[in-house]
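S.K.: compute the structure for the input listed below.
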Amino acid sequence: MRAHLLIHAAAFAILLHAAPAMAKKDSADRLATPAIVQQLVACRDIAADAERLACYDKQVLAFDTATKSRDIVIADKVDVRSARKGLFGFKLPSLNIFGNGRDEDEEITEIASTIASARPTRDGQWRIVLADGAVWEQVSTDHFVLGPRPGNPVKIKQAALGSYKVSVDGQPSVRMRRVE
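M.R.: Numbering: from 1, shown residues only. The predicted structure is shown next:
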């Protein structure tokens, strides 16, 4: 039963890592398929049943060892979406580990949360900490009608030129940037 689960996990990892490589992209833009996954996939080309099974057994063991030692990390769409949401607001290098923003259906352009804390800064702008720990600071001279308070719902939308519009409790938006 355990071997069956490992084979399914390996197959999922193959799909996860092979999909970007199979897409028509520049070779510099591709996410390389790890050697351990390539070796596992190569087992299917062995014609003799006993040799193919021995190859799969060997490669699945190597794959299992690599996942346990965290040399290979398996992430499903839920994990990737959660990571994207957690990184929302940061400017990151193009690593192509989350699809490189090419999957328009999965691109996160807005989030909703709750304010954990809010305080004005020395220059009269606002610093807001969300429930997930993300910290945002106001960069515009616009003002909230009512100051943000813990427990207020907040919506953050991606805006032009890398900025973000933050609306607290349905109020008009102000421009902010994520700092932590």
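
S.K.: run a quick neighbour tally on Thr121.
M.R.: Neighbour count of Thr121, defined by other Cβ atoms under 10 Å: 10. Every residue, glycine included, has its C-beta placed from N, CA and C.

S.K.: quick one: what helix or strand has the residue nearest to it when sequence neighbours are not counted in it?
M.R.: Spatial nearest neighbour of Thr121, chain neighbours left out: Arg127 (5.4 Å); criterion: Cβ to Cβ, 6 or more residues apart in numbering. Assigning secondary structure by DSSP states H and E places Arg127 in strand 126-130.

S.K.: show me what that strand is packed against.
M.R.: Using 3 or more Cβ pairs under 8 Å, 6 or more residues apart in numbering; DSSP states H and E, the elements in contact with strand 126-130 are strand 110-120, strand 135-138, strand 174-178.

S.K.: mind redoing it with 10 Å?
M.R.: strand 110-120, strand 135-138, strand 153-158, strand 164-168, strand 174-178 (3 or more Cβ pairs under 10 Å, 6 or more residues apart in numbering; DSSP states H and E).

S.K.: tell me the contacts of the residue nearest to Thr121?
M.R.: Residues in contact with Arg127 (Cβ atoms under 10 Å, 6 or more residues apart in numbering) are 117-121, 135-138, 148, 176, 179-180.

S.K.: in CSV, list these along with distance to Tyr164 and pLDDT.
M.R.: Output for the contacts of Arg127, formatted as CSV (distance: Cβ to Cβ, whole Å; pLDDT from 0 to 100):
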residue, distance to Tyr164, pLDDT
Ser117, 19, 93
Ala118, 16, 92
Arg119, 19, 93
Pro120, 19, 91
Thr121, 17, 88
Val135, 13, 91
Trp136, 8, 89
Glu137, 11, 89
Gln138, 11, 89
Pro148, 15, 92
Met176, 6, 87
Val179, 11, 86
Glu180, 14, 82
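
S.K.: just the closest of these to Gly170, please.
M.R.: Closest to Gly170 out of the contacts of Arg127 is Pro148 (12.1 Å), distances taken as Cβ to Cβ.

S.K.: quickly note the distance from the residue nearest to Thr121 to Arg175.
M.R.: Look at Arg127 and Arg175: by Cβ to Cβ, to the nearest Å, they are 14 Å apart.

S.K.: ditto for Asp71
M.R.: Taken as Cβ to Cβ, the span from Asp71 to Arg175 is 42 Å.

S.K.: what's the answer for Pro153, then?
M.R.: In terms of Cβ to Cβ, Pro153 sits 19 Å off from Arg175.
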